[in-house]
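In: Build me a model:
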Amino acid sequence: MTYINIVSNLKLHPQKGLVSKDCSGKWVRIHHQQGDLDGACAVYSLMMNLLILGKISEEEISIDSPINKRYNRGKFLSHFLEEQGLIRNGYSYRCLAKEIRDYCSKELCVDAKQKNPQSLENAVKFIDDNITKNDLPIIISVVYQPKKGESELHSHALLAIGIEYNENDIPIKLLCLDPGASSPIYAKWNCFIDTSNNNSQYPYWYVTDRVCHKVVLGDMILIMPKE
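Out: You can find the predicted model right below:
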């Protein structure tokens, strides 16, 4: 029998949909959807991650609220939400990890993992261990299988928040919040990555309400609150 494990600080609200407690203790809407013209999926995933960890408030990232830049957190949010403009070509995870460390080293630890096609099982285990044992979401990325005639690789950032297991306790799906898909209403995720097959260069299926692609796991960032 299959079963599911989800990061504990997530609830379904009848009006708001998926919610979590922010740093002010309020239950706030977690999923935020990116625009059609930007490639800022990593920044959206980062903000959802920090909301779930209770490190920022919904008000701080609201488009109508001014950001208090007198403190490191305000400078950090301003850097990502005000200074970056329209991100056309995505955001480097190496750069993202460095900037989190630069602004938030006293509050957050960052563990960045680079893509390694030779150890996909280890990547899934890393995600599984941190969601299941540490109750932490993880910013992950998927690299799409190129279409015929394409040479450029395209990737997409997601926030992994849960795992589905088969009857042998083996992870078979990564349950994610996808900033490029519609907000979840009836489940705590709006996207999954089927990891049950591991036999090709692009072995996994990335599935939302709108798309289905063959992918491989790419870079990952784990953000851990300091005690």
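
In: which residues touch the helix or strand bottoming out on mean pLDDT in the chain?
Out: Using mean pLDDT, DSSP states H and E, the weakest-scoring helix or strand in the chain turns out to be helix 72-81, at a mean of 82. When contacts are taken as CB atoms under 8 Å, 6 or more residues apart in numbering, the neighbours of helix 72-81 outside the stretch itself are 43, 46-47, 55-56, 60-61, 67-69, 99-100, 103-104, 106-107. All C-beta atoms are positioned from the backbone trio N, CA, C, and that covers glycine.

In: now stretch 3-19
Out: The set of residues external to stretch 3-19 that reach it, using CB under 8 Å, 6+ apart, is 20-21, 27-31, 52-54, 131-132, 135-137, 161-165, 175, 177, 183-189.

In: chain center to stretch 66-74, what's the gap?
Out: A distance of 23 Å separates the C-alpha centroid of stretch 66-74 from that of its chain, computed with CA atoms, centre = their mean, to the nearest Å.

In: Off-centre distance for the least confident helix or strand of the chain?
Out: Distance of helix 72-81 from its chain centroid, counting by CA atoms, centre = their mean, is 19 Å.

In: Where does E59 sit: helix, strand or coil?
Out: Following DSSP: H, G, I helix; E, B strand; the rest coil, E59 is assigned to helix.

In: Give me the distance between it and L51.
Out: Distance, E59 to L51, by CB to CB, to the nearest Å: 11 Å.

In: Looking at those two now, which is surrounded by more residues?
Out: Neighbours of E59 and L51, each counted by other CB atoms under 10 Å, are more numerous for L51; the result is 27 against 13.

In: Is the more buried one located within a strand, as I assumed?
Out: No: with three-state DSSP as the criterion, L51 is located in helix rather than a strand.

In: Next up, the contacts around it.
Out: With contact set as CB under 8 Å, 6+ apart, L51 has these partners: 20, 22, 28, 30, 58, 61.

In: Need the buried ones from those residues selected in ChimeraX.
Out: The ChimeraX command for the buried members of those (criterion: 16 or more other CB atoms under 10 Å) is given here:
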select :20,22,28,30,58,61
